[in-house]
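1. need a 3D model of the following:
(2 chains)
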Amino acid sequence: MTTPTIASQTASPVPPAIRRPAGSRWSWSFLIDIAVFLFVLAAIYGVYAVGHTWLGPVPAQVEISQSPRALPLYAFYSLVRLSVAYGLSMLFALAYGYVAARSKQAEIVLIPLLDILQSIPVLSFLPGVMLAMVALFPHSQLGIELGSIILIFTGQVWNIAFSFYSSLKGIPRELREAAIIYRFGRWQRFVELDLPFSTIGLVWNSMMSVAGGWFFLMACEMFVLGNRDFRLPGLGSFLQTAASHGNTRAILWGLAAMVAVIVLLDQLIWRPVIAWADKFKFEQVETAKAATHSLLSLLGRASFVIRLYRLAVRPVIEWITVNLAVGARRAAETFSVPKRQSTRRGLLIVLAAAILAGIGFAVFHAVRELSDLSRADYSDLLRSAGFTLLRVNAALLIGALWTVPVGVAIGSSPRLARIAQPLAQIAASIPATALFPVILLFLIKFRGGLELAALLVMLLGTQWYILFNVIAGAMAIPTDLKEASSIFRFGSWDRWRYLILPGIFPYLVTGMVTASGNAWNASIIAEYFHFQGRIVSTIGLGSAISRASDAGRFDILLASTLIMATIVVLINRLLWRRLYRLASTRFKLET
Amino acid sequence: MSTPSTLSDSAGAEPIIEARKLEKFYPQPDGGRIQVIAATDLAVYPGQIIAMLGASGCGKSTLLRMLTGLSPASAGSVFWHGAPVGDGSPNVSIVFQSFALFPWLTVLENVEAPLEARGMVPIERHKRALRIIDAVGLDGFESAYPKELSGGMKQRVGVARALVVEPEVLFMDEPFSALDVLTAETLRGELLELWLEHKIPTRAIFIVTHNIEEAVVLADRIVVLGRNPAHIHADFAVNIPHPRDRKSSGFIELVDEIYRVLTRPDHEHGAAPPKTAVPGKQVPHKAIMLPHTRPGGMAGLLEILIDQGGRADLHKLADELSLEVDALLPTVDTAVLLGMLRLEEGGASITPEGQAYAEADIQARKAIFRKAALANVPLLAQMHNALKAKSNRTLSDEFFRDLLDEHFSEDESRRQLETAIQWGRYAEIFDYDAATGKLTLTEA
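-> Model (predicted):
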């Protein structure tokens, strides 16, 4: 056998360094280094501060301040809650999606389960989670904090998990084969194939999840459970307290702080991240206009960041990969394959048996609780469900009615889009639940005011999804079709009927699916509310859930949650999924 | 001029890979099976470039994946140096048609990835990767991402990644078909240079292709695969010295010979040749794989045949139409399956049905097609009967997909059904509503 003789002894064994712009060594990159350093310092202090409060004892009575001066700290607390919840969601979603995509047996159970878990309203988890957490950590603030974090988590995790799962399923065959033939271990496959391939989906779903987190922050920071009053300092509790006292100035301050935080997050985190994720696009050819972001290129230029990545992150990943590879080889040499499999199978059987036993136990108790409820209770709940169904669909209808013409107008005029889109994005970023107390403040004086307010909140929580999707749809209508309809002199009705409506249909359906799920979730907050020291409520399934959790009636909570989950799943299966299929077959624009 | 590393007479050498009675089939519930690859014996000897030639979809890629251990065999076994392929992984690499590079890794990282998987330390890895990157002519592009590169450069990365692990056998799955003609020719030349000048320690190259000239340019041995099911149809040793001149008489003769073999109904396999012309009748219970064509193309082919007096050599026909054999054969298959064309030594001749079909007008054509399809295509006949049996004359496509799933892989059954629906709609056997997935019997 001959060894390759190649004249490249001069080539350096180190990859070429990323070039720094000449001449600016001391200007930008230095400033950025300092900024990053200060940021790290601040982060360390933040961790210390959070740890101090969380591990501290539970104060007898938490007073939520109404002073604007408390806002920076409150915003920080809320942000920490959101970030920890998001971090947990990401970890859980990656594990869930990975197992579902890799194991055929697990997939059969996990994917339908995801569908159901997604349709259970977040706040139905509230009493159980809270009581469990407080029982686990009775003497520190940690229990309540963890409870609130877990609640936010349950609102964020499912769509990320599903996105990861479907990305994994979509990895092209030859890439999978390359990973096998070049003997990638599980870890290497995960960091070099699975994760990068899924990045873009994960980023977009993370943005949606965090937005959903803001939505539930209002409810998760301050609530009553039986005779206990839970309060956590944060933006959500600030707004609720301010609204309760009718303090308009504080409300405006709180809203401004929230919008500021959301806009800052968008500018400092999401936009750079989206630009960065562009490199994970799975395409053969480079597109003409790549997403760029000034902050990203600044960070990319900062020598500190590059050094951190080269010295700390990459070696760790490499160290793990190399060690795992060596370990796997050694394991393959020492253990015989069949033996390992049989112990694994035994373990799996034990695990499955334990899970089944747990499920059986829980179902048994749940059924007992449910059968204790009277027939009148059920008919009450079903009637409530009817009201909420009407409200949700009214909100969807109103949302679609105004967003379709407006969205099409914006989408077909680039000039209008330049002005309207940023405005709409800011408006959409304010969580509907934060606006709710404000709306209520104005409407509560009128008869049926809560009814109207509930509808408005659902509308606020849903219309943006539809609007943004319609805009995207209108932008995607091909120019040649528009020209064809001009040549054939379509009147405006024909234009809508043959071109615009079919063109935006898939986008409209996508928007409505998300909107519908959100409207159901919003009903829990919108139909029942602690306001100015009293409870305002209207009939509905959301109100039934909230009331049951307030009163500690777990049987009713269970029954109403089941009803809501069933309705949402049924509507998804019977209506949205069919429309989706129609959208992806007949109304798909293909060239 | 020399004939380096050719061991055409390989009787003495130990094979690196040996496939014995290797088969791929999809078992059916009634005990029968859809045979994709017939029991095949094949040995790869050191010092050779073997080219496996055949029409696309004939099972070449499946065979390659079974030899590398990527895909399990239904029966038979693959031996590497006498040991079954399942025990320990053989040292192989594959160069893929779609390149299969990781777009988020730079050229260098892509090439290093297989070494990382083997647990090699960074310094050693960089050194090896840079050496091979230099050897394939990619130096200067180490820090580029694949999407910044042209197709030819991308495949160079694919080759570098494959060679960096110093594979004993290098597998290439249609490595140059996604490239333009000139780039493909350049890359072939570079590959030959690496191989002939022993710049790589690889002991054998196994290349799958549907391009006859490519096979003749590169290979020391050409294995021609026949179809339905795939089997070894012919095995040529190529003794033309390198560099090979495409204009030389030896080269042209060999290309012509392979063309004849590819388009000839095979004698050595199955029953007597005339019978294979009507496979539907030959084995009544066998589910036949439909060639994935649209019925529209067949009329054009038949018309051209009539213009040439009802008979033509297929390789000449392909040449005139400047089609690759790959593009022509499925249409020929369709016509043969429907009994409109008969294959004979080196060529095809039109049958009376085919004549009638080609000369008819649009409506009459459909009637003839319908008759031929119901008589010769069991799947369509089966669908027709099932729809007739239903009182509302309607069935869901999922019903048929489930039926097919028992015979084919998931992907294949989807494609089979798509093709069947195309044919059935054209023949006006049934209507199909894509939105609801409902098939409805067409009222006569």
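
2. list the contacts for residue B:138?
-> By Cβ atoms under 8 Å, 6 or more residues apart in numbering or on different chains, the contact set of residue B:138 is B:107, B:153, B:156-157, B:160. Every C-beta, even on glycine, is put in place using the N, C-alpha and C of the backbone.

3. got it, and residue A:525?
-> So residue A:525 contacts A:123, A:218-219, A:433, A:436, A:457, A:542, A:546 (Cβ under 8 Å, 6+ apart).

4. please repeat the previous calculation with a cut-off of 10 Å.
-> Residue A:525 sits next to A:121-123, A:215-216, A:218-219, A:432-433, A:436, A:454, A:457-458, A:461, A:542-543, A:546 when contact means Cβ atoms under 10 Å, 6 or more residues apart in numbering or on different chains.

5. need the pLDDT of residue B:314.
-> Model confidence at residue B:314, expressed as pLDDT, equals 74.

6. help me confirm that it comes into contact with residue B:329.
-> Yes: assessed by Cβ atoms under 10 Å, residue B:314 is found in contact with residue B:329 at 8.1 Å.

7. neighbour count winner among these two?
-> Comparing residue B:314 with residue B:329 by other Cβ atoms under 10 Å in any protein chain shown, the one with more neighbours is residue B:329, at 25 against 20.

8. now the helix or strand encompassing the more buried one: mean pLDDT?
-> According to DSSP states H and E, residue B:329 maps onto helix B:325-337. Taken as a whole, helix B:325-337 carries a mean pLDDT of 79.

9. and the stretch 201-350 of chain B, which residues reach chain A?
-> Residues of the stretch 201-350 of chain B lying close to chain A (Cβ under 10 Å from any Cβ of the partner chain) are B:201-203.

10. from these, pick the one nearest chain A.
-> Minimum distance to chain A across these is 5.2 Å, recorded for residue B:201 (Cβ to the nearest Cβ).

11. looking at this, the closest one is in a strand?
-> No: with DSSP: H, G, I helix; E, B strand; the rest coil as the criterion, residue B:201 is coil rather than part of a strand.

12. hmm, it is touching residue B:164, no?
-> No: in this structure, residue B:201 is not within contact of residue B:164 by Cβ under 10 Å, at 11.3 Å.

13. ranges for the helices of the stretch 1-150 of chain A?
-> Counting by DSSP state H, counting those that start in this stretch, one finds helices in the stretch 1-150 of chain A at the ranges A:28-55, A:71-102, A:104-119, A:126-136, A:142-169.

14. can you flag the weakest of those by average pLDDT?
-> Lowest mean pLDDT within the helices of the stretch 1-150 of chain A: helix A:28-55, a mean of 73.

15. now that one: buried residues?
-> A:29, A:32, A:50, A:53-54 (16 or more other Cβ atoms under 10 Å in any protein chain shown).

16. flag the shaky bits of the stretch 1-150 of chain B, pLDDT-wise.
-> Where the stretch 1-150 of chain B drops to pLDDT under 70, the residues are B:1-12, B:28-32, B:56-57, B:86-89.

17. try 50 this time
-> Scanning the stretch 1-150 of chain B for pLDDT under 50 picks out B:1-11.

18. and for the stretch 301-450 of chain A?
-> A:334-339.

19. where along it do the helices fall?
-> With DSSP H, counting those that start in this stretch as the criterion, the stretch 301-450 of chain A has helices at A:303-308, A:314-334, A:337-372, A:375-412, A:414-429, A:432-443, A:449-476.

20. so what touches stretch A:38-51?
-> Contacting residues not belonging to stretch A:38-51 are listed as A:73, A:76-77, A:79-81, A:84, A:142, A:145, A:304, A:308 [Cβ under 10 Å, 6+ apart].

21. same thing but 7 Å
-> Outside stretch A:38-51, the residues within contact range by Cβ atoms under 7 Å, 6 or more residues apart in numbering or on different chains are A:76, A:80.

22. do the same with stretch B:171-185
-> B:61, B:64, B:68, B:92-98, B:151-152, B:155, B:187-188, B:205-209, B:214.
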